[in-house]
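S.K.: can't give you the sequence, but here's the structure:
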């Protein structure tokens, strides 16, 4: 059974780059037709899909975040990562990684990131 685990710093200063990694176990990120996503939920707000990396390395981004978001992967470690540049306090959120396949999703437990000086 696939499991996902987010990791990264819990506190980031404004204007810096937020970097998170999702480590996948129980399945390969290169398995055909799987998409690997990043989603976040700011305090008191709904879920926001940020972007995804496809099984073959193709990437997709939310139009509203595309200018300062990058998703990459390390197939040797079975990990994929999120980088969000020039963060502001509005980027404070619970960040999740997830696997999407044919309408079904498996999520990590989430990691809290606070943007504050």
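M.R.: Structure's in. What do you need? Quick caveat: nothing in here was measured; it's all calculated off a predicted structure.
S.K.: Pull out the buried residues from the least confident helix or strand in the chain by mean pLDDT.
M.R.: Every helix and strand of the chain was ranked by mean pLDDT, DSSP states H and E. The lowest is strand 104-107, at a mean of 93. Residues of strand 104-107 classed as buried under the neighbour-count rule (16 or more other CB atoms under 10 Å) are residue 106. Every residue, glycine included, has its C-beta placed from N, CA and C.
S.K.: Give the next helix or strand downstream of it.
M.R.: Remark: after strand 104-107, the chain's next helix or strand is strand 111-115, criterion DSSP states H and E.
S.K.: Mind listing what's buried along that following strand?
M.R.: So, applying 16+ other CB under 10 Å, buried residues of strand 111-115: 111, 113, 115.
S.K.: Mind telling me what element the spatially most central residue of the chain is part of?
M.R.: The central residue of the chain, meaning the one whose C-alpha is nearest the mean C-alpha position (CA atoms, centre = their mean), is residue 38 at 2.9 Å. Secondary structure from DSSP H and E places residue 38 in strand 35-41.
S.K.: partners of that strand, with directions?
M.R.: Taking DSSP bridges as the criterion, strand 35-41 forms sheet pairs with strand 48-54 (antiparallel), strand 93-101 (antiparallel).
S.K.: any idea of the mean pLDDT for it?
M.R.: Computed over strand 35-41, the mean pLDDT rounds to 98.
S.K.: Tell me what angle it forms with strand 111-115.
M.R.: 50 degrees (axes from the mean of the first three to the mean of the last three CA atoms, to 10 degrees).
S.K.: List just the nearest of the buried residues of strand 111-115 to residue 91.
M.R.: Within the set of those, residue 115 lies nearest residue 91; the separation is 5.0 Å, counting by CB to CB.
S.K.: Tell me the pLDDT of that closest one.
M.R.: Predicted confidence (pLDDT) for residue 115: 98.
S.K.: That one against residue 13, yeah?
M.R.: Yes: at 7.3 Å, residue 115 and residue 13 qualify as touching, with contact defined as CB atoms under 8 Å.
S.K.: need the contact list for the residue located most distally from the centre of the chain.
M.R.: Computed with CA atoms, centre = their mean, the maximum C-alpha offset from the centroid of the chain is found at residue 117, amounting to 22.7 Å. With contacts taken as CB atoms under 8 Å, 6 or more residues apart in numbering, residue 117 has the following neighbours: 13, 14.
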